[in-house]
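1. requesting a structural model of the entry that follows:
(chains A and B)
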Amino acid sequence: MIINKFAKWMLCAGLAAAAGTVEAGPIEFDFKDPKKVNNALFLLDAPLESISGTATGISGKITFDPAKPASTKGKITLDAKTLHVDNPVMREHMLDKGWMDVAKHPKIEFVAEKFTNVKTTGTKTEAKIVGKFTVKGVTKKITVPVTLTYLKGMLAKRNRVPGDLLVLRSDFTIKRSDYNIKPGDNEEKVSDEIEIKLRVAGAAPQGK
Amino acid sequence: MGWAATGFHWGWSKTSVTEMQVDEITGLEFPVTTNRLVFGVEILVVSLLLAGVSFGASFAFEKNNSRENQLT
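-> Modelled structure (predicted):
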């Protein structure tokens, strides 16, 4: 009788461990967000008022392993047509041939290749990502700081679907001259440096 | 008046206003854009220039009228 109970207990423990093993490992998070919460803010210094804009056309996938955050890899893509500033003339110029030429270069991409200086505290991981950043057809290798927050089981609260969320925040600066965006032109009116703030969350529904 | 009515905006005119909100679950700040016309400082400058030109022109016409009155 006791042996029988022990065998059942062992079986349950084994199944639980097996389930745990299946659940662990890298999780793929999808950053496509129809609610348009995922966004990138950009800021350029200018004499009368700083040019600040937003973009919400974010998509991409990132593979994140809660046990090995350093192995994180993936790609975030921004639809350049969704770049927005509140002044209509400025918006037209920004999207036009001279500046971003979105008709010819519709995507802005960041491909994460390597994580360094990884520091994990609870659900939060801080690191530097080495990756390839492509703007207006020009690709440069850059290193940017990133904070990842793994929200286990929180997808249910957001989308009423069981699963996890991965929140990614990154603030970095690029030079427009590096990406062939009117290099050396009008720098007294529009700064060469562009501050970028990326605020995105990816979803990983369970069973996918 | 229009410039004052749309909020004394010291930047350029804009046809939309973007405000930031916070997503409760993720804590992410995200932009919410609403279409709203806000007159910028260029409208104020043009209005002041037009007012100045009109003011100056009014004096010119006043002199001509007074001369015409003296002649008749």
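
2. mind giving me the packing neighbours of the helix or strand A:Phe172 falls within?
-> A:Phe172 belongs to strand A:163-175 when assigned by DSSP states H and E. Judged by 3 or more C-beta pairs under 8 Å, 6 or more residues apart in numbering or on different chains; DSSP states H and E, strand A:163-175 is in contact with strand A:27-30, strand A:58-64, strand A:124-135, strand A:138-151, helix A:155-159, strand A:193-205. Where you see a C-beta, it was placed from the backbone N, CA and C, and this is true even at glycine.

3. what residues does the shortest one touch?
-> Applying C-beta atoms under 8 Å, 6 or more residues apart in numbering or on different chains, the set of residues contacting strand A:27-30 from outside is A:60-66, A:74, A:164-166, A:202-204, A:208.

4. can I get the buried part of these as one ChimeraX selection?
-> Here is the ChimeraX selection string for the buried members of the contacts of strand A:27-30, based on 16 or more other C-beta atoms under 10 Å in any protein chain shown:
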select /A:60,61,62,63,64,66,74,164,165,166,202,203,204
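
5. between the contacts of strand A:27-30, which is nearest chain B?
-> Distance ranking of those against chain B, using C-beta to the nearest C-beta, places A:Leu165 first at 6.3 Å.

6. contacting residues for that closest one?
-> Under the criterion of C-beta under 8 Å, 6+ apart, the contact list for A:Leu165 reads A:29, A:150-151, A:154-155, A:158, A:201-204, B:25-26.

7. so, low pLDDT: which residues of chain A?
-> With pLDDT under 70 as the threshold, chain A has low-confidence stretches at A:1-24, A:208.

8. and it, which of its residues are near chain B?
-> On the criterion C-beta under 8 Å from any C-beta of the partner chain, chain B has as its neighbours in chain A the residues A:36-39, A:41, A:48-49, A:54, A:56, A:84, A:86-88, A:90, A:149, A:151, A:154, A:157-158, A:165, A:167, A:169, A:199-201.
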